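In: Got a sequence here, can you build the structure:
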Amino acid sequence: MTKQLTKVEPQLKEAIIAKVKSGVSLIQTLRDLGKLWTDLISPNTKNSESTCTKEYFQDLKATVVLGWTNEKQTLFNTPTKDLDPVDKLEKKKLQQSINSTISDMKDQLKKEQTEAKSKEKRSPLEIFMSDIDKASKRLQNDEMFTHQDQVIVAMEELYNTIERSS
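Out: Numbering: from 1, shown residues only. Model (predicted):
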């Protein structure tokens with residue numbers, strides 16, 4: 001949980017900079033640090049599930065900027081009123097890039113963490129039945145066997161037999 005943190009961890013800082021500079025994946029670093037997807041939600045959003053402090057989120061955004069070229073950093077740090085319309089638009093794109101980078105990290109963690117929870121809740125029988133259902137759907141879409149219709153009927157019978165016996 002990030003509630004008490006005000007600075008991005010050095011390990012995460014290095015990983016974010018590498019991600020921004022060269023597209024290196026940082027999901028493993030997030031896992032290693034025990035980050036929750038809610039640790040990457042802005043604490044400023046209403047009705048938020050955020051577990052992030054304002055200071056940490058600011059440092060997170062500043063860390064993304066460190067991965068940019070000096071030219072982009074200079075443009076981003078220049079007051080908007082001092083920029084021409086083209087540079088103002090570019091600065092807006094850079095701001096969106098920060099939000100996008102953090103959102104991508106959050107989305108990866110959210111997918112991983114919510115899928116893990118939903119998989120844990122299913123019993124072995126539910127998982128097995130789901131796999132049979134997937135196989136049955138694949139059978140109906142692909143011609144894999146010489147006697148495809150007989151295989152489909154057999155799969156349906158298997159499914160029904162298991163349903164009756166559970």
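
In: nearest residue to the residue nearest the centre of the chain other than its sequence neighbours?
Out: Against the mean C-alpha coordinate of the chain, by C-alpha atoms, centre = their mean, the closest residue is Gln108 at 1.5 Å. Counting by C-beta to C-beta, 6 or more residues apart in numbering, Gln108 lies nearest to Ile27, which is 5.3 Å off, once chain neighbours are set aside. (Each C-beta comes from the backbone N, C-alpha and C, glycine too.)

In: which of the residues in stretch 9-19 are buried?
Out: Glu9, Leu12, Lys13, Glu14, Ala15, Ile16, Ile17, Lys19 (16 or more other C-beta atoms under 10 Å).

In: starting at the chain centroid, how far to that stretch?
Out: Stretch 9-19 sits 17 Å away from the centroid of its parent chain (C-alpha atoms, centre = their mean, to the nearest Å).

In: okay, the buried residues of stretch 9-19 in CSV with distance to Met144 and pLDDT next?
Out: CSV is the format used below for the buried residues of stretch 9-19 (distance: C-beta to C-beta, whole Å; pLDDT from 0 to 100):
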residue, distance to Met144, pLDDT
Glu9, 50, 90
Leu12, 46, 92
Lys13, 50, 91
Glu14, 48, 91
Ala15, 43, 90
Ile16, 45, 92
Ile17, 48, 90
Lys19, 41, 89
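
In: so, if you compare these, which one comes nearest to Glu157?
Out: Lys19 (50.6 Å; C-beta to C-beta).

In: element containing that closest one?
Out: helix 10-22 (DSSP states H and E).

In: Take that helix, keep the C-alpha atoms, and write them as PDB.
Out: Output of helix 10-22 as PDB, limited to C-alpha atoms (Å, rounded to 0.1, in the frame of the first residue of the first chain):
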ATOM      1  CA  PRO A  10      14.500   3.900  -6.300                       C
ATOM      2  CA  GLN A  11      13.900   0.500  -7.900                       C
ATOM      3  CA  LEU A  12      10.600   1.600  -9.400                       C
ATOM      4  CA  LYS A  13      12.100   5.000 -10.400                       C
ATOM      5  CA  GLU A  14      14.800   3.200 -12.500                       C
ATOM      6  CA  ALA A  15      12.200   0.900 -14.000                       C
ATOM      7  CA  ILE A  16       9.900   3.700 -15.000                       C
ATOM      8  CA  ILE A  17      12.700   5.700 -16.600                       C
ATOM      9  CA  ALA A  18      13.800   2.600 -18.600                       C
ATOM     10  CA  LYS A  19      10.200   2.000 -19.700                       C
ATOM     11  CA  VAL A  20       9.800   5.600 -20.900                       C
ATOM     12  CA  LYS A  21      13.200   5.700 -22.600                       C
ATOM     13  CA  SER A  22      13.200   2.300 -24.300                       C
END
